[in-house]
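Trainee: quick one, what's the 3D model for this:
(chains A and B)
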Amino acid sequence: MTILKTSYNRRSFLKTTTVAGGGLMIGFSWLASCQSNPEATLTMPKEWFDINGFLKIGENGLVTIMSPNPEIGQNVKTSMPMIVAEELDVDWNNVLVEQAPLNTAIFTRQLAGGSQSIRQGWEGLRMAGAAARQMLIQAAANAWRVSADEITTEAGILIHEGSGKKAGFGEMASAAAQIPIPEEVKLKEKNDFKIIGTSRKNVDGLKIVTGKPLYGLDYKREGMLYAMVAHPPAFGLKLKSFDASQAKVMPGIKDVFTIQSYTAETNKNAFDATAFTDLVVVAGNSTWEVMNAKKALKLEWEPIKDYIDVFSGYAPGTFIEKNMPAGSESTSSHKALMAEYGIKPGKVVRKDGNPEAAFKKAVKIIERTYTAPFLAHNTMEPMNFFAHVTADKAELVGPIQTPEFLEQSVASRLGMPLDKIDIQMTRMGGGFGRRLYGHFGVEAAVISQKLNAPVKLVYTRENDMSYGIYRPSYHAYYRAGLDKDGKLVAFHVRAGGIPESPLFENRFPAGAVDNYLAESWAIDSNISIGAFRAPRSNFIAGAEQSFLDEVAEAAGKDPIQFRIDLMNRAKNNPVGENNDYDAARYAGVLELVREKSDWDKRDKKGRGVAAYFCHNSYVAHVLDLEMESGKPVVKNVTCAVDCGIVVNPIAATNLTEGGIVDGIGCALYSGLTFKDGTPEQKNFDTYRMIRHAEAPKNIDVHFVKSDVDPTGLGEPPFPPIMGALANALYKATGKRFYDQPFFANQDILG
Amino acid sequence: MATFNLTVNGKKQQVDVDPATPMLWVLRDHLNLVGTKFGCGIAACGACTIHLGDMAMRSCQLPVSQVGNMPITTIEGLSENGDHPVQKAWLELDVPQCGYCQAGQIMNASALLKANPDPSDEEIEAAMNGNICRCGTYTRIKKAIKEAAKAV
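Mentor: Residues are numbered from 1 along each chain as shown, chains lettered A, B, ... in the order given. Have a look, this model is predicted:
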C-alpha cells in the first residue's frame, strides 16, 4: 500500500462549490447532457454531493468524474477519469464523465501537450479518487460507530465485515461531503487495479457517431454572430488598407472592421505567437453570408519591417523572443540556405572524447544529409472560438489546448482581471500542437468586444492552412566513423532548421559512442512556427534512424542488433553523464519488436526497423512494404511500446495506430512550400494528406508489460515510423530516401 | 433570398436563404444540425458528407437550390438511436480519436454498404478515399466497415 501526502490538506483546495455546468447552453443541449457513459446502468440522481473538485456522487450511487484536461483525440476524457474511478473503487458502468472547465484552483496543468496529461496527472488523479474513498469510509465509520480501518470497499459498496453492515457510496455521499479532506491517502496496490489496464470505450463515442454537438464549431448562443478574418496572403506582409464598401452591403452582413489581435501592451506568452496581428473582420448572421462577403473585400498589403515576436518553437530555452525579419521567403531560397548552413560548423552543444582524431583513424566514414519541409497541422476542425465579452466579463468557449494561457492572454488584451474571464473547453477536432497557440481565442474576444455581441470566429480551411504556426523545416547532416571491426568509433550530427534546430544532443546514440560531436544551427524566418506532434523529434528521429540503418549496413551488422549493442554499451558503460534515455527500456522495445515481427526468421525485403524515445515513452516499429506500380504499399506495421502501465489498452492502441498512419503520411506525402512568402498549399486539393488507400493494411501494437507509472502516447509512436518507412523503402527499392516527403509528386486525391 | 422546402431526416423543413447556400451551412446554421462537419469547403475532405436519397454527397458543394424533392439524411438521422450497423460497428471497434471526421466517414460508409453490401478491401479503400481522417483511424474504419457489412 502506498501512502501519499495529499497536496491539498486545506479543505478549500479540493472542496469547491459546484463547478459551472449548465449555465452556458442555448440553442440546444450543451453541457447539460453529461451522460457520457453509454453503459451507465443507473438513472440520474435527484441530488449530487460534491466530494471534491474531481467528483460528485449522487444519492443513488451514480458518480460524476470531471475530466480536467483538454480532449484533442488522445482520449484523456476516458482515461483520466478511469484513474480516479480506480482509486475511488466504483463500477465504471456507474460513472459519468464531464469535461471540467478551466479552474486553476482545483486542477493543475489543464493542458494538452507534450504527451504529459496521463504522466503528470497520474498521482493527482489517484489521490482525488483515493481521498474521496477515504471520506466515504470515514462517513460510514461515523454512522456505524466502527473504526474506519475495518471498512472495506468493493465496486461502490462500503462493507463492514464484522457487523455485516453494507452501504452504497450514494447512501454515504451526503455525509462524506462534510468530512474534511484527509491529509494522507492510501493508494491501491497496482496489482489490485480493476479498471486501469482494462479497455474502456471512448465516453463520447455515442455522441460522436450520432453527430451530437461536441466541438467548438458546434457551439451556439442565441443572438450569436459569425465572424471571419482576412489575414495577409504572404508572410512578410501586413495590412495597408481595405475597401469594404461592397462587402458591407451584402446580405446578412453586420459590420466589417479591423482589429489588432495583440497590441504592444499585451503581455504575450509563448503560446501567443502570430505573424499576423492586423486583421480585417467580417461579421454577419450566417457563415455562408460572411464567407461570401469576405471574398468581396478589397485588400491592400505592404511589406513588414523586422520585428520581435514571442518564440513558439521548442528548441531549448523556449520562452525567448524571436526575430521576425522583413522580406519574402521562398522554399527554393530556404533549401539553398539550409544546404549552406549544413556544411558550416554550427554551435557545439555536446562533445565527448576526440571526434576529429577518431574520424581520422576510422577505416570507413559514412556521411549523409536529411531534410524535411514545413508542415501544416491541418486539424480537421478549423480554428474557431466563441466569445461573449461584456463590460465586466468575458466568456469564451472553444477548442484550446492551453486554456490557462489563453485566459491570461485574453485578460491582458482586454484589460480585465483573470477572474472575469471564463473559459470552457470543448472537445477538439484534433490538436497536434496547433491549438496550443490561442491567437484565435484572443481574436474572438476582441471581435466580440468590438461588436458588443456574442460571436463565433470561424477560420476557413484556407485561413487555417495559410495562417502559420507550422512545423519548421529541418536539415540534419550526419557522419559516422567505423573501425576495422565495424565498431562505431565516432559520431557527428550537425542539425538545424528554419527557424529552430531539431537537435537533442543528449539523446541516443549520445552515451553509446566514445567520440561524439553535436552541433546546432538555426536561420531566422518571418514564417511563424509552433509545436507539431513530437516537436523536433518528428524529424530528427527519422533522420537518425535512417542514418543508423546505413551505418549498421556499412558495419555488416543486423540493424536491430547493431542498435541493441550500442544500447548495451550505454547501459553498462555510458559515455558522459547527461544521457536522456534509459538504455534498458530502449533495448526492451527493440527486443519485443524483434520477437513480434519474427525479425530473425523473415526475409528482409521491404522491411525496415526504427526505434525512438521521446516524451517519456519508448517505441520501436518494424514496417513491411511492397512497391506496386511504383508506389509504396505498407502491408504491415509491428509496433512495440513501453509507456509503463497502459491505462486503457484499446485507446492506447488506437492512438499508436494513429501516430503510425500520421507519420507515414507526413514522410511520404505532406509538405508546405512557399513562393514569395505565400504558402503554395491552402487546402486539401493541393496539400497532400495520407488517405484510406495509403494507410497500412494492418497494424499490430504490442505493449511491454510494466508496472512503472504511465507515460503518454500522443507523440512517441509518431517520430520513429518515418525511419522504419525510409529503411523499408530502401529494402524494397535499393534506393535510400533522404528528403521528405519521399513521394511528393504523387497525384492529389480528393 | 428564396424559400426552400426540404425533407431532412424524414422531417419537412422550410428555410429562407440565398439559393447558392451550400446544404452544409443550411444544416449547420439554419437547421441546427451540426453533426455534419465543415472541413475544407471544396469537397476535398469528406467531413460534410450527407445522403441525398441514397447517395453520399459532399454537402459543402451542394447548393440548397439543387436539392429539389430529394430527401436528405444527415448523421443525426441515420438511425433513431445510434444503432445503424455502421454506427454500432464504430462503437464496437472504438474507432474515433478526435471524432470530428467520423460523421462524414460513417455517412460515406453507410452509403457504400447500401450500394455494395459486401465490399472488398479495395472497394472500401476506393469508396472511402475522399474522406480524410487526420488522426489516422483508417485501419479501424476499414475493420468497422467489414464488421458492419456482416450485419447489413
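Trainee: going forward, measure contacts between C-alpha atoms and count neighbours the same way
Mentor: OK.
Trainee: residue of the stretch 51-200 of chain A closest to chain B, please.
Mentor: residue A:73 (3.5 Å; Cα to the nearest Cα).
Trainee: also the stretch 551-700 of chain A?
Mentor: Closest point on the stretch 551-700 of chain A to chain B, by Cα to the nearest Cα, is residue A:658, at 4.3 Å.
Trainee: name the nearest residue to that residue, ignoring sequence neighbours.
Mentor: residue B:136 (4.3 Å; Cα to Cα, 6 or more residues apart in numbering or on different chains).
Trainee: dump stretch B:77-93 to PDB, restricted to CA.
Mentor: Below are the C-alpha coordinates for stretch B:77-93, written out as PDB (Å, rounded to 0.1, in the frame of the first residue of the first chain):
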ATOM      1  CA  GLY B  77     -31.000  10.900 -38.900                       C
ATOM      2  CA  LEU B  78     -29.000   7.800 -39.900                       C
ATOM      3  CA  SER B  79     -30.800   5.900 -37.200                       C
ATOM      4  CA  GLU B  80     -33.200   6.600 -34.300                       C
ATOM      5  CA  ASN B  81     -30.800   5.600 -31.500                       C
ATOM      6  CA  GLY B  82     -27.400   5.400 -33.000                       C
ATOM      7  CA  ASP B  83     -27.900   1.700 -33.800                       C
ATOM      8  CA  HIS B  84     -27.300   1.700 -37.500                       C
ATOM      9  CA  PRO B  85     -25.000  -1.300 -38.200                       C
ATOM     10  CA  VAL B  86     -22.200   1.200 -39.200                       C
ATOM     11  CA  GLN B  87     -22.600   3.200 -36.000                       C
ATOM     12  CA  LYS B  88     -22.700   0.000 -33.900                       C
ATOM     13  CA  ALA B  89     -19.500  -1.200 -35.600                       C
ATOM     14  CA  TRP B  90     -17.900   2.100 -35.000                       C
ATOM     15  CA  LEU B  91     -18.700   1.900 -31.300                       C
ATOM     16  CA  GLU B  92     -17.700  -1.700 -31.000                       C
ATOM     17  CA  LEU B  93     -14.300  -1.100 -32.500                       C
END
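Trainee: hmm, back to that, just the pLDDT for the residue nearest to residue A:658.
Mentor: Note for residue B:136: predicted pLDDT of 98.
Trainee: residues contacting it?
Mentor: A:657-662, A:695 (Cα atoms under 8 Å, 6 or more residues apart in numbering or on different chains).
Trainee: quick check: the two most widely separated of the residues you listed?
Mentor: Maximum pairwise distance in these, criterion Cα to Cα, is 11.5 Å, between A:659 and A:695.
Trainee: got the buried residues for the helix or strand containing residue A:586?
Mentor: In the assignment (DSSP states H and E), residue A:586 maps to helix A:583-596. With burial defined by 16 or more other Cα atoms under 10 Å in any protein chain shown, the residues of helix A:583-596 counted as buried are A:583, A:585-594, A:596.
Trainee: from those residues, which is closest to residue A:161?
Mentor: Checking the buried residues of helix A:583-596 one by one against residue A:161 (Cα to Cα), the nearest turns out to be residue A:585, at 43.6 Å.
Trainee: so that closest one versus residue A:570, what's the distance?
Mentor: 12 Å (Cα to Cα, to the nearest Å).
Trainee: show me where chain B has helices.
Mentor: Taking DSSP state H, the helices of chain B run over residues B:23-25, B:85-92, B:102-115, B:121-128, B:138-151.
Trainee: show me where pLDDT drops low in the stretch 451-600 of chain A?
Mentor: Along the stretch 451-600 of chain A, no part satisfies pLDDT under 70.
Trainee: what residue in it comes nearest to chain B?
Mentor: residue A:461 (5.1 Å).
Trainee: cool, and the stretch 301-450 of chain A?
Mentor: For the stretch 301-450 of chain A, Cα to the nearest Cα, closest residue to chain B: residue A:429, 4.8 Å.
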